[in-house]
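A.B. asks: next comes the sequence, and after it the predicted model I'd like to discuss.
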Amino acid sequence: MNKLSEGVGSLKTFLEEVKVELLKCTWPTRKELFGQSLVVVISVIILGAFVGLCDVVNMNLLRFIIR
C-alpha cells in the first residue's frame, strides 16, 4: 500500500509542477495563431504540389524508359 500512495503522491506533484510551468508559458494571441496556422497550411499545400509534380515526372520518365 505504501508504494501506491507514493505513486499517487508523485503523480500529484508532477501535475502540480506541470500546471506551474504552463502558467509561465507565453501563449500566442488569436491573430498570431491564425497567421502561423495560415503559413503552415500554405506550406503543406506547396510541398504537396511539389511532391505530386515530382511523382508525375518520375512516373512518366519510368514509362518512357520501360517502353
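C.D. replies: Looks like it arrived, so ask away.
A.B. asks: quick one: mean pLDDT for the helix or strand hosting residue 48?
C.D. replies: Secondary structure assignment for residue 48, by DSSP states H and E: helix 30-66. If you average the pLDDT over helix 30-66, you get 97.
A.B. asks: any idea how far residue 24 lies from residue 49?
C.D. replies: 40 Å (Cβ to Cβ, to the nearest Å). Every C-beta, even on glycine, is put in place using the N, C-alpha and C of the backbone.
A.B. asks: if you count surrounding residues, which of those two has more?
C.D. replies: Neighbours were counted for residue 24 and for residue 49 using other Cβ atoms under 10 Å; residue 49 has more, 10 against 6.
A.B. asks: ok, how many other residues are close to residue 57?
C.D. replies: Neighbours of residue 57 (other Cβ under 10 Å): 10.
A.B. asks: all further residue positions should be reported with the first residue as 358.
C.D. replies: All set: I'll call the first residue 358, so the last point we hit is now residue 414.
A.B. asks: in the helix or strand containing residue 369, what counts as buried?
C.D. replies: Assigned by DSSP H and E, residue 369 belongs to helix 359-381. By neighbour count on 16 or more other Cβ atoms under 10 Å, the buried set for helix 359-381 is empty.
A.B. asks: span of stretch 371-389 from start to end?
C.D. replies: 30 Å (Cα to Cα, to the nearest Å).
A.B. asks: find the residue at the geometric middle of this protein.
C.D. replies: Closest residue to the average C-alpha location of the chain: residue 397 at 10.2 Å, with Cα atoms, centre = their mean.
A.B. asks: ok, it to residue 403 distance?
C.D. replies: Look at residue 397 and residue 403: by Cβ to Cβ, they are 11 Å apart.
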